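**Q** okay, sequence plus prediction incoming.
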Amino acid sequence: MLPHALEIICEKVSEEMDQVQKSEKLPGLDAITPEFIKAWSVAGHKDQAPYLSQILLAAAEMASAKEKNKKKSPIATSNIIMKQLCFQCSHNSLGFPTQFGLFLWATGCARQTIEALHWCGLSVSYTSVLNTIELLANHCLQLAVDVGSGTHIFCYDNVNISTSIFVEQRGALGPAKVTSGTFGVIYKVRNGKPENMMLAPIMEHLKKSKGLDFNCDVQLTWRQLEFVQYQLSIVIVHVLTKYSKHFKSYAKHPSLQHKAQCAMPEGYITEQYPIQATTIEEATVQGNLLFHEDVYLTQLKRHPDDLSKYVFQLGFGLFHLCLNLIWLLLHVHRGTLEQTGSLVFFFALLEKTRLGGEHPDYHSLLSSLTQIRDGLLLNAWHTECGNLKQYSESKPSPEVLLSVAQGILTKYATAVPKPDIKEMDSSEEEGDS
């Protein structure tokens, strides 16, 4: 009885695999496009292969474990095994193995590792991975060409690519140990209207303008000040929920989250299209001009007659804004080792004395400044609330935590106005008399 049942099951599984292969079949690697990757998922084929799906699930999880195990699920593993079987039966079933090969390459797996997984049916070969990368790069560049033909944002920065220190590995014709260049990204503009950026109306309004008034045009309104205070208070609360295990349950409370101003539509992400990196360095005016020419004439395939030197509306980079801001903070609050509370004092405590230099590494400095700020705010929580474990046992409401945070902001994190020199002199004269 059992041999006959086994034969029937094998025939049924074979029929199901024929149907699964047809749905997994791709014409070639060029079918792996950015749109395909975005829409693809490691979903199973329960409708096309119900018997095989049930067999794999039964093999992946015993009946006793199915009742007790609430965290670990065999569904993803079973789906991947089915993709693996499809690739074993037909090399045209490229969806999963190609994308898994891209993942292996992107995470730094060695060529031998990718080849070994190729023989296991989990990945395409290393050569196919490289071919897919080139095809995807061409697809992405074409998307950038389409976006670059209209209103767009263009950002770029320098890039340094490090290779092996051994000449034997780079070869006689290989790249240098460090190759410098420029990398650009094209961003799609949401609701961009070219007529809003015409210079003539802007200049006309400028002529009619009476200038800015600090109290009317620059100074924040009370509503804006309240909003800023609320956002800063939320930062202080998040320090407590991040570093104190007794308050982690408050971390995702709706009342303790940042509020968006001029919020974007839910789920909206600015579309970005990287373009090819070049060895042109943007450190000079000549380098910038050459890079613009390479991007718009060579990569984006724009015609010279469609371009003008007046097309760029310049804007600063947020990264450089933050970079100069933290360097300014370092310059103002550097102090000396003997000054308790100076940045040099805290750098010594953190064993990061090298950050006291003129222009230290951006990421290291930003991380250290954040660590110092969080430590000071956490100490303020200890000062105001005492033992945090005992305070958590009183079960304070989110509103109470926000109120305490606002008090910390006012008492410990608000700059004290510098005393007026004339007032100091007059008070000293009164004291002498």
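**A** Looks like it arrived, so ask away.

**Q** can we go C-alpha only for contacts and neighbour counts from here?
**A** Fine.

**Q** leaving out chain neighbours, which residue sits closest to residue 296?
**A** Distance criterion C-alpha to C-alpha, 6 or more residues apart in numbering; nearest residue to residue 296, sequence neighbours excluded, is residue 302 at 5.5 Å.

**Q** just checking, that neighbour touches residue 293?
**A** No. At 9.7 Å, residue 302 does not count as touching residue 293 under the criterion of C-alpha atoms under 8 Å.

**Q** domains of this protein: list them as residue ranges, please.
**A** Listed by automatic domain parsing, the domain ranges of the chain are 2-131, 149-220+270-315, 221-259+316-433.

**Q** residue 137: which of those is closest?
**A** Closest to residue 137 of these, according to C-alpha to C-alpha: domain 149-220+270-315, at 8.3 Å.

**Q** average model confidence for that closest one?
**A** The pLDDT scores in domain 149-220+270-315 average 83.

**Q** distance between that domain and the chain's centre?
**A** From the chain centre to the centre of domain 149-220+270-315 is a distance of 20 Å (C-alpha atoms, centre = their mean, to the nearest Å).

**Q** what about that domain, start to end distance?
**A** 20 Å (C-alpha to C-alpha, to the nearest Å).

**Q** the residue nearest to residue 90 when sequence neighbours are not counted sits in which helix or strand?
**A** Nearest residue to residue 90, sequence neighbours excluded (C-alpha to C-alpha, 6+ apart): residue 21, at 7.3 Å. Using DSSP states H and E, residue 21 falls within helix 2-24.

**Q** and that helix, what does it pack onto?
**A** helix 50-60, helix 75-89 (3 or more C-alpha pairs under 8 Å, 6 or more residues apart in numbering; DSSP states H and E).

**Q** which of these has the lowest mean pLDDT?
**A** helix 50-60 (a mean of 80).

**Q** buried stuff in that helix?
**A** Using 16 or more other C-alpha atoms under 10 Å as the test for burial, helix 50-60 gives 51, 52, 53, 56, 57, 60.

**Q** same deal with stretch 150-161?
**A** Neighbour-count burial for stretch 150-161, counted by 16+ other C-alpha under 10 Å, picks out 152, 153, 154, 156, 158, 159.

**Q** may I ask you to confirm that the second one is in contact with residue 192?
**A** If I follow you right, that is residue 153. No. Residue 153 is beyond contact range of residue 192, at 10.0 Å (criterion: C-alpha under 8 Å).

**Q** neighbours of the spatially closest residue to residue 111 that is not a sequence neighbour, how many?
**A** Once flanking residues are discounted, residue 111 sits nearest to residue 126: 6.3 Å by C-alpha to C-alpha, 6+ apart. Residue 126: 23 surrounding residues under other C-alpha atoms under 10 Å.
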